[in-house]
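Q: Just to be clear, the model below is a prediction. Sequence and coordinates:
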Amino acid sequence: MLYFAYGSNMNFEQMNERCPGGHVFLKRALLRGYRFVYDGYSNYRKGAVANIVETREENDIVWGALFEINSECLSKLDSYEGYPYFYDRKEVTVQDDEGNQYRAIVYLRTGKDESHPSESYKNIIIRGAKDCGIPDEYIEKFLDK
């Protein structure tokens, strides 16, 4: 199955820790009609955490990583993401650089008040975005705010 990561799970080191041997990075991809936010608060992360909010605006996009994962990895991700209590799981259509579309699982939740992430959490996300080849302009505008 395919999984679209837009936050800290883009980070290859973190995904290797969470799902050793249960995932393969395929390529970067984008999701249209959503926007990336840091919102809510995580005691574990000591600040706001990554989320995506549906806007249905074609110009709003979220860049992320497209992974192929196995069922064991999905179970582990469910646990790490607090599914179904903290994050929900949804199937969305993402697009690669060539315009090919893929159905993928994504974790998201109802938007909360936007806030600031801890510096360490933000750096995990930025490292992951660079691991996946996410455009620098996107990193600067949305992830490194």
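A: Sure thing, it's come through.
Q: all contacts plus neighbour counts: C-alpha atoms, from now on.
A: Will do.
Q: ends of stretch 8-21, how far apart?
A: Taking C-alpha to C-alpha, to the nearest Å, the first and last residues of stretch 8-21 lie 18 Å apart.
Q: Can you list the neighbours in contact with it?
A: The set of residues that contact stretch 8-21 without belonging to it, under C-alpha atoms under 8 Å, 6 or more residues apart in numbering, is 23, 50, 64-65, 72-73, 76-77, 121, 124-125, 127-129, 131-132.
Q: And the helices in the chain?
A: Secondary structure of the chain (DSSP state H): helices at 12-18, 71-80, 119-131, 136-138.
Q: As a markdown table, those with distance to residue 144 and mean pLDDT would be great.
A: Formatted as a markdown table, the helices of the chain follow (distance: least, C-alpha to C-alpha, whole Å; pLDDT from 0 to 100):
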| stretch | distance to residue 144 | mean pLDDT |
| --- | --- | --- |
| helix 12-18 | 18 | 97 |
| helix 71-80 | 23 | 98 |
| helix 119-131 | 7 | 98 |
| helix 136-138 | 9 | 98 |
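Q: okay, now residue 67: neighbour count?
A: Neighbour count of residue 67, defined by other C-alpha atoms under 10 Å: 24.
Q: May I ask you to confirm that it is in contact with residue 2?
A: Yes: with contact defined as C-alpha atoms under 8 Å, residue 67 reaches residue 2; the gap is 5.7 Å.
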